[in-house]
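Novice: sequence unavailable; structure follows:
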């Protein structure tokens, strides 16, 4: 998959084998395309990592149904990019741990600070209810906070350090409830500013998911000195 001229290009060659039969599935112009409910925030460069905009008003549960009423168009053929196709060499990412909220602090009428109590790299998942269609909820992430966050602009908050642009957004549909959770990008964070909610979030509606490669342990270290053991665990957690 590649982004070219503002469009997504995609090529698939899938070999399906079942018993003694096999079939090859290839992308061609009979495939249909449509807008996703997920779009990119930021340029994904240093200090502009951004994240994902999830628009719940775009239905995805019937994307495979040709009679769903969605505006679908046939895919178009493009010139092959000047690159060779190779298999993925690194391990698959997995959700390795679930992290619960430690505290929720009100910042203003519709803004709260979520503290997970520890730094991790991954996703935040949150149930959202009692919002109007078109309401936008912003999620701004930070791995450091030593003061009450101060709002400098809509997406720029002062946590007491130089901030890095890590944020997501969720646009509500007319459904009474929805679920926010990124899918294609993850962040390094402990704290999350959530702004745009009409009621205080509940800790039971929020989870943190640690994302890491599915790799086997190749060794371990332990000794009689608790400080050395703590240093080892700290470095191991950092690599995870």
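Specialist: Yep, that arrived. Source: prediction; values computed, not measured. Residues are numbered from 1 along each chain as shown.

Novice: for the rest of this, base every contact and every neighbour count on C-alpha atoms.
Specialist: Noted.

Novice: residues touching the nearest residue to residue 240 once chain neighbours are set aside, list them.
Specialist: Distance criterion C-alpha to C-alpha, 6 or more residues apart in numbering; nearest residue to residue 240, sequence neighbours excluded, is residue 212 at 6.0 Å. Applying C-alpha atoms under 8 Å, 6 or more residues apart in numbering to residue 212 gives the contacts 93, 94, 95, 96, 121, 122, 240.

Novice: who's in contact with the closest residue to the first one other than its chain neighbours?
Specialist: In other words, residue 93. Spatial nearest neighbour of residue 93, chain neighbours left out: residue 213 (4.2 Å); criterion: C-alpha to C-alpha, 6+ apart. Shown in contact with residue 213 (C-alpha under 8 Å, 6+ apart): 90, 91, 92, 93, 94, 240.

Novice: any idea which of these is closest to residue 148?
Specialist: Looking at the contacts of residue 213 and their distance to residue 148, the nearest is residue 240, at 29.1 Å (C-alpha to C-alpha).

Novice: the closest one and residue 120, how far apart?
Specialist: Note on residue 240: its distance to residue 120, by C-alpha to C-alpha, to the nearest Å, is 9 Å.

Novice: compare these two (neighbour count), which wins?
Specialist: For residue 240 against residue 120, the residue with the higher neighbour count under other C-alpha atoms under 10 Å is residue 120, and the figures read 22 against 15.

Novice: mind giving me the packing neighbours of the helix or strand hosting the more buried one?
Specialist: Per DSSP states H and E: residue 120 is located in strand 111-129. Using 3 or more C-alpha pairs under 8 Å, 6 or more residues apart in numbering; DSSP states H and E as the contact criterion, the neighbours of strand 111-129 among helices and strands are strand 103-108, strand 177-180, strand 187-195, strand 206-213.

Novice: ranges for the helices of the protein?
Specialist: Taking DSSP state H, the helices of the chain run over residues 226-239.

Novice: just to revisit the earlier point, beta partners of the residue nearest to residue 240?
Specialist: Going by DSSP bridges, residue 212 is paired in beta bridges with residue 94.

Novice: give me the most central residue, the chain.
Specialist: Taking C-alpha atoms, centre = their mean as the criterion, residue 182 is the residue nearest the geometric centre of the chain, at 2.8 Å.

Novice: torsion angles phi and psi at that one?
Specialist: Main-chain dihedrals, residue 182, degrees, to the nearest 10: phi -60, psi 170.
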